[in-house]
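> Sequence first, predicted model second:
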Number of protein chains: 2
Amino acid sequence: MPTFTVLGAGAMGTALCKPFIDAGWEVRLWGTWLDDHLIDAIEAGQPHPRIKVAAAPGIRTFRSGQLAEALEGADVVDIAVTSEGLPRVTEMALDHIAGLRALCLTAKGFWTDPEGRIRLLPDAIRAIADQKGVSLPPLVAVGGPVKANECAAGEVTATTYASRDLALAETLAREAATDTYGIRPSDDETGVELCAALKNVYAISLGIADGLGEATGVPRHNLKAAAFAQAIREMSLLVAAVGGHSETPYGLAGVGDLEVTGLSGRNKLYGVRLGKGETPDGALAEMNRLEQTVEGYPAAPLAVAFAHQAGADEGTLPLLHAVARILQGGVDDVYAAVAAAVKPARP
Amino acid sequence: MPTFTVLGAGAMGTALCKPFIDAGWEVRLWGTWLDDHLIDAIEAGQPHPRIKVAAAPGIRTFRSGQLAEALEGADVVDIAVTSEGLPRVTEMALDHIAGLRALCLTAKGFWTDPEGRIRLLPDAIRAIADQKGVSLPPLVAVGGPVKANECAAGEVTATTYASRDLALAETLAREAATDTYGIRPSDDETGVELCAALKNVYAISLGIADGLGEATGVPRHNLKAAAFAQAIREMSLLVAAVGGHSETPYGLAGVGDLEVTGLSGRNKLYGVRLGKGETPDGALAEMNRLEQTVEGYPAAPLAVAFAHQAGADEGTLPLLHAVARILQGGVDDVYAAVAAAVKPARP
């Protein structure tokens, strides 16, 4: 029975335990120093406080001081902490990962390296390993349309595992798939990571279209659909610009994940507020008061900087820039700004 | 001032008049023998009965007996009747289209040729012209995420014009674009037509996911997003199999149109009923009672036959086949059927 250790007992980490339990793995869940209350709930068999679903029976839990035990003899490890927590957890974990077959990554977002360049999270892991002189197992980017509460409840979920080592992604896809958890292997780590980091920004634009409709009573479905298609187009151009496959955003990692993010989620709800006329800062304060993190807000300027590094400017990515400008408070008419960005230019 | 004549005063025909009026064209709208009440409403300045939006001021209306006058001297004509009405209207119109620069097509669907083969609507037009010995102007497939009521109201809309004569599509895209109506030119007539014909079938699967969520109180967003991505994947494979560009479904014609169709629309609502447990025939009868046409219902078996002709079977298009089988009443558990079709196979 292979062993799967998840680092981070938040929503996604806990959810991912479920298919691995179902697939017959030994599953260990390590909570960070911020996760004690989550581990308490899991150990008590109560619903996970963030997803309101009980963790799968059979998970072995570990507290923050028990990292070495959680990792001992593990075959596959998944890092499921926030992008902010990732560097520290990676540093801690790297001392205990000799013999690992794969290091999976459900954490998503951008990382600013010591030189100030914006990079994706696998690069953070590689840089930290380099610095420590540790050789890494192959990385596997886990992406696609996975709402944690549904995955944790065993609802049908399709995901993608992407690794530069495609054979490894295929093997894991075979070993971790269940009747309700399907895995499409891919060799495009960069594409899957970038789609996941961008989708929260683009989901804000979908929310703006919804909010305009709610505010006026006149749906703006043509606008939302045009924004959706434009978001996928821009993801494809940017993925290709940094060496990924232009097709990756057309699958589960892009189309699928943006669909699920546009159906619900905090970034979309934040966009709805903007579409209804709230200011970016006011809407953010209100979301924070409700303890709802809007990942797309800090991600937008990072995405613009990342694109700039890759030579992709506003002409290539008008919707990304429109959202970033809206969030900066520099736009009076959000409808006009989104509309201008998603309407095909006159040929 | 160039002249644009729309054949068919239904929702989409009337809607398309709006951007052409705004772009400064002379716009004529011809109603079929079934459209007198629609023309009445338009002439009285009342809201169009189907879209509840008034037609753009300045449209010249023509009754079914005035087809020759409506077409006289027209530069561009758009056929906007139903797929059932298309052969007859095409036959009637072909006597009056000498000198036309372009024949546009907003009608969408499949056509069964005299040999019983399933084909797309431009092939119907070409066959009828062949039979009559009339030489056709270049055809332009008009597609993308266009809800008629929003387009008619001048809300922001992005569309695609596809013609084997790309230069023509580009010229029209320049001449008909407005501040709120953007047009992306394409040379993939087949891809745009096929996406439009297929999307109503796939929208039923999105509705099923929504209906399952409504019935249980547990959203099935992962399933809906997986179905969305799988639909786009299958559209791409089938478009490529019949000589179109595999990329066309990734843009406005596929991703965009499926998004707008999944946000609302009758096909999606029909799927919701199935997801909530109604039988296919019972749900259809109820929709018909409400005078709501479900285009995807008759289209599903035609789409399967079309795919079969192209050598694309259930292994390639599992979701299309699952929906077709559900509509035939041959499926007890619609959730399991859709889930099996959208979950990536074990590699």
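That came through, no problem.
> Is A:Thr112 in contact with A:Leu302, as I believe?
Yes: using C-beta atoms under 8 Å, A:Thr112 and A:Leu302 qualify as a contacting pair, with a distance of 7.4 Å. All C-beta atoms are positioned from the backbone trio N, CA, C, and that covers glycine.
> if I look at the two, which residues touch both of them?
Each of A:Ile118 lies in contact with both A:Thr112 and A:Leu302 under the rule C-beta atoms under 8 Å, 6 or more residues apart in numbering or on different chains.
> These two: who's more crowded?
Ranked by neighbour count (other C-beta atoms under 10 Å in any protein chain shown), A:Thr112 and A:Leu302 place A:Leu302 first, with 19 against 13.
> Show the contacting residues for that one.
So A:Leu302 contacts A:109-110, A:112, A:118 (C-beta under 8 Å, 6+ apart).
> Please, which helix or strand holds it?
helix A:296-309 (DSSP states H and E).
> can you pull the buried residues of that helix?
The neighbour-count check on helix A:296-309 (16 or more other C-beta atoms under 10 Å in any protein chain shown) flags A:296-300, A:302-307 as buried.
> how about those in CSV, adding distance to A:Ala345?
Shown next, in CSV, are the buried residues of helix A:296-309 (distance: C-beta to C-beta, whole Å):
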residue, distance to A:Ala345
A:Gly296, 25
A:Tyr297, 28
A:Pro298, 30
A:Ala299, 26
A:Ala300, 22
A:Leu302, 26
A:Ala303, 21
A:Val304, 20
A:Ala305, 24
A:Phe306, 23
A:Ala307, 18
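> Serialize those to a markdown table and add fields for pLDDT.
Supplementary listing: those in a markdown table, determined by pLDDT from 0 to 100:
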| residue | pLDDT |
| --- | --- |
| A:Gly296 | 96 |
| A:Tyr297 | 96 |
| A:Pro298 | 96 |
| A:Ala299 | 97 |
| A:Ala300 | 98 |
| A:Leu302 | 98 |
| A:Ala303 | 98 |
| A:Val304 | 98 |
| A:Ala305 | 98 |
| A:Phe306 | 98 |
| A:Ala307 | 98 |
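> Check those residues and tell me the two furthest apart.
Within the buried residues of helix A:296-309, two members stand farthest from each other by C-beta to C-beta: A:Tyr297 and A:Ala307, at 17.0 Å.
> wait, A:Pro318 sits on A:Ala339?
No: with contacts counted by C-beta under 8 Å, A:Pro318 stays clear of A:Ala339, the gap being 10.8 Å.
> okay, those two: which has more neighbours?
Under the neighbour definition other C-beta under 10 Å, A:Pro318 and A:Ala339 were set side by side, and A:Ala339 has more, 25 against 19.
> Surely the more buried one and A:Leu223 touch.
Yes: using C-beta under 8 Å, A:Ala339 and A:Leu223 qualify as a contacting pair, with a distance of 6.3 Å.
> anything in contact with each of those two?
When contacts are counted by C-beta under 8 Å, 6+ apart, the set common to A:Ala339 and A:Leu223 consists of B:Val156.
> Tell me if I am right that A:Leu29 is in a strand.
Yes: secondary structure of A:Leu29, determined by DSSP: H, G, I helix; E, B strand; the rest coil: located in a strand.
> longest helix of chain A?
Ranked by number of residues, the top helix in chain A under DSSP state H is helix A:189-216.
> Figure out how far that one is from the centre of its chain.
12 Å (C-alpha atoms, centre = their mean, to the nearest Å).
> how about the strands in chain A?
With DSSP state E, the ranges of strands along chain A come out as A:3-7, A:26-30, A:60-62, A:76-79, A:102-105, A:110-112, A:118-120, A:139-143, A:157-162, A:181-186.
> how close does A:Leu120 get to chain B?
According to C-beta to the nearest C-beta, to the nearest Å, A:Leu120 stands 22 Å off from chain B.
> and A:Ala209, what does it touch?
Neighbour list for A:Ala209: A:220-221, A:223-224, A:227, A:271, A:275, A:338 [criterion: C-beta under 8 Å, 6+ apart].
> Just give the nearest non-adjacent residue to it, would you?
Leaving aside its sequence neighbours, A:Ala209 sits nearest to A:Lys224 (C-beta to C-beta, 6 or more residues apart in numbering or on different chains; 3.6 Å).
> contacting residues for the one you found?
If a contact means C-beta under 8 Å, 6+ apart, then A:Lys224 has A:206, A:209-210, A:213, A:262, B:259-260, B:263 as its contacts.
> Make a PyMOL selection of the buried ones in the residues you listed.
The following PyMOL selection, which keeps only the buried ones among the contacts of A:Lys224, applies the criterion 16+ other C-beta under 10 Å:
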select buried, (chain A and resi 206+209+210+213+262) or (chain B and resi 259+260+263)
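> out of the contacts of A:Lys224, who's nearest A:Leu94?
Nearest to A:Leu94 among the contacts of A:Lys224 is A:Gly262, at 36.2 Å by C-beta to C-beta.
> Excluding residues flanking it in the chain, which one is nearest the spatially most distant residue from the centre of chain A?
The C-alpha centroid of chain A is most remote from A:Pro347, which lies 35.0 Å away (C-alpha atoms, centre = their mean). Beyond its immediate neighbours in the sequence, the residue positioned closest to A:Pro347 (C-beta to C-beta, 6+ apart) is B:Glu170, lying 4.5 Å away.
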